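Engineer: following is a predicted model, sequence given first.
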Amino acid sequence: MHKGKGMKFVGDSRISAERKPNIPKDYSEYPGRTEAFWPNFLLKEWLAGSVFLVGFLCLTLAHPSPLEGMADPTDAGYIPLPDWYFLFLYELLKYDFASGPYILFGIVIIPGLAFGGLLLAPFLDQGPGRRPHQRPVAVGMMLLGLISTIWLTYESAEGVNWAERAEANKPIHPSEQADIDTEAEGYAIYESNCMSCHGDDLQGGSAGPSLIGIDRSAEEIKDIAQNGIGTMPADQFTGSDEELDQLAEFIISVNEQQ
């Protein structure tokens with residue numbers, strides 16, 4: 001008779017027929033290797049979280065968020081920038097293959113392929129090893145995505161003067177804002193000639209300085225509007241002499257309220 005043929009398994013007397021409850025062993029049976037979840041383990045987690053939270057609060061107090069002024073759609077010279085974690089996508093849209101008629105590649109297809117590849121990396125490389133050289137596909141895709149993100153973020157932030165940008169668009173407290181009569185004749189002239197650079201509240205913007213708190217006569221204001229000053233080019237004002245007088249009187253009246 002061959003082994004296994006014609007034989008039936010009846011039972012094993014070494015296995016008890018009585019069912020016992022599956023109760024885990026007590027912690028005392030594993031000295032130094034485990035601990036109770038409450039309160040030992042949970043207390044350590046709370047302590048580590050508290051240290052991190054206090055450190056984070058100290059960091060926010062030492063380096064506050066660089067807030068800018070309120071969004072002003074009339075400021076034509078302001079160039080908006082996304083937060084730092086989106087700068088790499090912002091930089092990607094500057095390339096010819098991801099902008100203009102190919103904008104769909106820059107905002108949907110390329111980012112979709114990149115993030116989709118990172119999600120599929122564990123499924124594309126299913127080797128048993130866990131060391132980097134044993135997972136070439138997953139590690140290669142991760143390094144490619146990381147290097148691309150860091151490089152695009154650096155390229156986008158390198159050309160920005162952050163200190164000058166923050167200085168040119170500081171937030172203004174409501175108590176410091178001028179009370180502007182938008183029904184005045186001079187405001188309509190200001191709106192069509194000056195608002196795009198100096199803002200709707202005369203507080204200035206990225207392309208022009210504030211007109212609040214200036215100490216200039218009507219003649220000086222009219223001369224600047226026609227001939228420019230500093231980085232302001234000439235011939236910015238396109239109205240008549242009467243409108244120029246109204247504009248100068250409007251700017252002076254706003255400053256007299258300060």
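Structural biologist: Ah, there it is. Numbering: from 1, shown residues only.
Engineer: what helix or strand is the nearest residue to Asp235 once chain neighbours are set aside located in?
Structural biologist: Closest residue in space to Asp235, ignoring its immediate chain neighbours: Gln226 at 7.1 Å, by C-beta to C-beta, 6 or more residues apart in numbering. Bear in mind the C-beta positions are built from the backbone N, C-alpha and C, glycine included. Here Gln226, judged by DSSP states H and E, is contained in helix 218-227.
Engineer: since we're on the residue nearest to Asp235, how many residues are nearby?
Structural biologist: Neighbour count of Gln226, defined by other C-beta atoms under 10 Å: 13.
Engineer: wait, isn't Asp96 in contact with Tyr102?
Structural biologist: Yes. With contact defined as C-beta atoms under 8 Å, Asp96 reaches Tyr102; the gap is 7.4 Å.
Engineer: give me the more crowded residue out of those two.
Structural biologist: Between Asp96 and Tyr102, Tyr102 has the larger neighbour count (other C-beta under 10 Å), namely 13 against 9.
Engineer: and the gap between that one and Lys94?
Structural biologist: Note on Tyr102: its distance to Lys94, by C-beta to C-beta, to the nearest Å, is 12 Å.
Engineer: next one: Ile221
Structural biologist: Distance, Ile221 to Lys94, by C-beta to C-beta: 39 Å.
Engineer: same drill for these two, tell me which one is more crowded.
Structural biologist: The neighbour comparison of Ile221 against Lys94 (other C-beta under 10 Å) goes to Ile221, with 21 against 12.
Engineer: the more buried one and Leu202, how far apart?
Structural biologist: Applying C-beta to C-beta, the value for Ile221 to Leu202 is 12 Å.
Engineer: all helices of the stretch 101-250 of the chain, in order?
Structural biologist: For the stretch 101-250 of the chain, the helices defined by DSSP state H, counting those that start in this stretch cover 103-104, 110-124, 136-158, 162-168, 185-193, 195-198, 218-227, 241-256.
Engineer: looking at it, Gly239 is touching Leu247, isn't it?
Structural biologist: Yes. Here Gly239 reaches Leu247: they are 7.3 Å apart, a contact under C-beta under 8 Å.
Engineer: domain boundaries for the protein, per the record?
Structural biologist: 84-169, 185-256 (the TED database).
Engineer: the last one - what's its average pLDDT?
Structural biologist: Meaning domain 185-256. Mean pLDDT, domain 185-256: 81.
Engineer: and the first one, by the same measure?
Structural biologist: Domain 84-169 shows a mean pLDDT of 86 in the predicted model.
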